[in-house]
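> quick check, what structure comes out for this input:
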Amino acid sequence: MLRTLFSGMFLLSLFGCGRAQGPVPPVTPVAPFHALKATDITGAPVDLSAYKGHPVLIVNTASRCGHTPQYAKLQELYTRYEGKGLVVLGFPSNDFLRQEPGDNAEIAEFCTKNYGVTFPMMAKVEVKGEGRDPVYQWLTRKDLNGALDSKVKWNFQKYLVDGQGRLIGVFDPGTDPLDPGITTLIDANL
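Below is the predicted model of the structure:
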């Protein structure tokens, strides 16, 4: 019986049994999301305070990933909700198997040409490790976001921040951007 217990524990640690991703109970962040800054894909500074009052879906993207077709669904989501206040921010990253090797100009061209992306794309960043971008530090560290620690598992992981700057949802990379778990949470925060 002890052997079975240890085997089960090993499998859980190997395949993950952590907290299910999805909605996160809203809590006041330790560090304000809207105080963060980013750089867009053209090199212009972006002050995230511009998004106060709007839900923001943040996604780390890559153009050579099995999840790359999600760009089309992200654009559809953005088109559906943009008039109601939703902001989608794409953060290209080359952190997973070098699946985003292009520079910012190449990424912008790829997104526009292949998927008609009109939602804001940020400059290529690191989303894990010591060089992690400040936005991703905030998204993944409970000591900053006040809600939970998380790891960016792969390209196209999704984080939802409400209009007050609280982390309210984390969705696995394989979750369709139009999944009811995402759209219901967006609807509730518009």
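
> need the strands for the protein, in chain order.
Using DSSP state E, the strands assigned to the chain run over residues 22-23, 37-39, 45-47, 56-61, 87-92, 158-161, 167-171.

> who's in contact with Thr28?
For Thr28, the contacting residues are 146, 166, by Cβ atoms under 8 Å, 6 or more residues apart in numbering. For glycine as for every other residue, the C-beta is placed from the backbone atoms N, C-alpha and C.

> now render the strands of the chain as a markdown table, adding mean pLDDT, distance to Ile107 and mean neighbour count.
Converted to a markdown table, the strands of the chain look like this (pLDDT from 0 to 100; distance: least, Cβ to Cβ, whole Å; neighbours: other Cβ atoms under 10 Å):
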| stretch | mean pLDDT | distance to Ile107 | mean neighbour count |
| --- | --- | --- | --- |
| strand 22-23 | 80 | 29 | 16 |
| strand 37-39 | 98 | 13 | 15 |
| strand 45-47 | 98 | 16 | 12 |
| strand 56-61 | 98 | 8 | 26 |
| strand 87-92 | 98 | 5 | 23 |
| strand 158-161 | 98 | 18 | 26 |
| strand 167-171 | 97 | 22 | 23 |
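
> can I get the ones you listed in TSV including distance to Met121?
TSV is the format used below for those (distance: least, Cβ to Cβ, whole Å):
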stretch	distance to Met121
strand 22-23	25
strand 37-39	10
strand 45-47	10
strand 56-61	8
strand 87-92	4
strand 158-161	15
strand 167-171	19
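
> Asp149: which of those is closest?
strand 167-171 (10.4 Å; Cβ to Cβ).

> how far off centre is the closest one?
Centroid separation between strand 167-171 and its chain, computed with Cα atoms, centre = their mean, to the nearest Å, is 9 Å.

> for that strand, packing partners?
Secondary-structure packing of strand 167-171 (3 or more Cβ pairs under 8 Å, 6 or more residues apart in numbering; DSSP states H and E): strand 22-23, strand 158-161, helix 180-188.

> partners of that strand in the sheet?
Strand 167-171 sits in its sheet next to strand 22-23 (antiparallel), strand 158-161 (antiparallel), going by DSSP bridges.

> of all those strands, which one is nearest Asp47?
Taking Cβ to Cβ, strand 158-161 is the member of those nearest to Asp47, at 14.7 Å.

> what's in contact with the closest one?
Here strand 158-161 has contacts from 33, 55-59, 139, 167-171, 173, 175, 177, 182, 185-186, 189, using Cβ under 8 Å, 6+ apart.

> great, nothing more from me.
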